[in-house]
Each structure stands twice: as structure tokens, then as C-alpha cells.
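Visitor: only geometry, no sequence info:
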């Protein structure tokens, strides 16, 4: 048989194989959506410092969480999380984007600074990048990996640097980097988000391990009716949060570095944005004013330390 024909056949087989793997992975990502009962558990495990006093194990309040797609294309799925505390109390939770073979990520550098990084092809080929955004839609962390099935378990795993989560920065400041190993393991009725974390003190380019931590967040699928209140909230506030997300996307596209202030007027960013969301849901903040009002809040937190990309020669 002609070598060209053989080469072409092999090439086609590889294309079909990659497409099949991508389709399977997309199904796995789709299964992260739904209405779930959620339980959060964390425990510090080991420290190289014999004098270190371990923090109490945390069994954080969970509740019901709705996760649903707000943007879908062949290579990208944007999913919003809403925490349903009660029928009358809905909290816009974090957001996650899944992008196939994404060459650009935002790397957390510490001290509320993220830098845009372009990855080589071999680090993204066949991989899905999970981008996690704060409740304010500010950057949090990103990482790329392949979805795999081993020993009957289907999972995605990545290690990346991240800022302290709210459960930590609200009560302590003895470290500044959380090196997260995130493992999403699919189950028959949901999934488990396992974490093997390292709490790092980073100073002058040197990392010192403070303590290790184990996390286990369990998502168990429940009847969709239990999330009706979340869907009603999103219908009321969707145009507002869309403008917030678009303002961030525009800012990120024009910068190579993002630096944020920790607070303005003694309030963190999400407190300002949540207050505006409430005004929007009651009709006090009108559609025509959302874009400028949101941008005026964000601009107070953005620290301009570079020439915007669009303006560079």
C-alpha cells in the first residue's frame, strides 16, 4: 500500500480519536451541571514546623447549589454557580469556564496580582482548562489537564497557585499562596471535588511550606425543583451579572497584568457588586445605567500599573 495513503489513514484515525476524546470530556463537564446538595470539609494534615498549631477541622455550611451553563460552544462551556441558602436568600457563587486547548491563562502571582501567560502547544493539546472566577467575576485560578478514566474512575486533576479562599482570608493572614491540587471525580449521582492543598508563604521568590490541607467537597444530585428559587433569581439578575462579566472580559483582553485593591471604603469587591445586584433586582438600578455603574465600581479596584495592550505600539 502507498505510504502516502497509509499516512493519510493514520492521520484521519488520530483526528477521529481526538474528536471522540473531546466529545467524551465535554459530556463529563456537562455532568457537573445540575441541582446539588453540597457538603464542604477541610482539615490541615502535616506541617514541617513542629511548633505549628493546626487549625480546627472545618465542616463548612453547605446547602443546595445550582450549576448551569450560560454560554456553550464546541470548545467552551461557561457555568455559573448559585448557592441557595433559602427560598428568599440566593447567593451568586463562583463561576467556572471550561475551554478546550486554551493557550492563554492568568497565573496568580500573589498579593492580588495575576499575569497573562501563553502556554506552549504541548501543555494544552488535548486538555481542558478550568478557569475559576470569584463571586465578583474577578480572576481566581486556572489549570489545564485531560479528563481520564483509570481503574473505573473518571476524573480531571491539576495543580495551580491560587489566592486564599474566603474561608481563609477572612480569618487569617499567615500565608499568601494556596497551591491547589484539584481533582474532580465523577460519581453515579454527582461528583466529588477533592483537594490536596499546600499553604505557602512566598517571599522574594522563595516558597516556604506552612502546612498541608485536605479538602473534600461533595456534590450530590437532587430534584431540580429544589433549585427553582435559584433559577428565579438568575432570571431577575441575569442582565446585570452579564454586564459585570463583560466588563471583566473587556478589561482582561486589554491587559497583561491584573492588580486588585483588597478593599474600597472598607468593603471587598463582591460586597459592592452584590449591593448593586440587589438594587437592580428591585428596579432601583435601571438597565441603561448598569454598564457605567458597574464599570465605575470596578475601576476603583483595578490598579493600573501597565499601558493597556490595545494602546501599546
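Guide: On my side now, so go ahead. None of these values were measured; they are calculated from a predicted model.
Visitor: how close does the most centrally placed residue in the chain sit to residue 193?
Guide: In the chain, the centroid-proximal residue (Cα atoms, centre = their mean) is residue 132; its distance is 1.1 Å. From residue 132 over to residue 193 the distance is 11 Å, taken as Cβ to Cβ, to the nearest Å. Where C-beta positions appear, they are placed from N, C-alpha and C, glycine not excepted.
Visitor: again with residue 249
Guide: 25 Å.
Visitor: can you tell me the helix or strand for the closest residue to the residue nearest to the centre of the chain other than its chain neighbours?
Guide: Using Cβ to Cβ, 6 or more residues apart in numbering and skipping the chain neighbours, the partner closest in space to residue 132 is residue 140 (4.5 Å). Residue 140 is part of strand 139-145 when elements are defined by DSSP states H and E.
Visitor: which of the residues in stretch 117-136 are buried?
Guide: For stretch 117-136, burial by neighbour count (16 or more other Cβ atoms under 10 Å) applies to 119, 124, 126-136.
Visitor: farthest-separated two in these?
Guide: Maximum pairwise distance among these (Cβ to Cβ): 32.0 Å, between 126 and 136.
Visitor: what's the neighbour count on residue 204?
Guide: As a burial measure, residue 204 scores 4 neighbours (other Cβ atoms under 10 Å).
Visitor: again, but for residue 192
Guide: Neighbours of residue 192 under the rule other Cβ under 10 Å: 16.
Visitor: same deal with the one 4 residues further on?
Guide: Counted with other Cβ under 10 Å, the neighbours of residue 196 add up to 16.
Visitor: again, but for residue 267
Guide: Residues lying near residue 267 (other Cβ under 10 Å) number 12.
Visitor: how near is it to residue 301?
Guide: Distance, residue 267 to residue 301, by Cβ to Cβ: 10 Å.
Visitor: what of residue 217?
Guide: Going from residue 217 to residue 301 by Cβ to Cβ gives 28 Å.
Visitor: quick one on the thing from earlier: got the contact list for the residue nearest to residue 132?
Guide: Residue 140 makes contact with 94, 108, 132-134, 162-163, according to Cβ atoms under 8 Å, 6 or more residues apart in numbering.
Visitor: in strands, which of these fall?
Guide: Among the contacts of residue 140, the members falling in strands (DSSP state E) are 94, 108, 132-133, 162.
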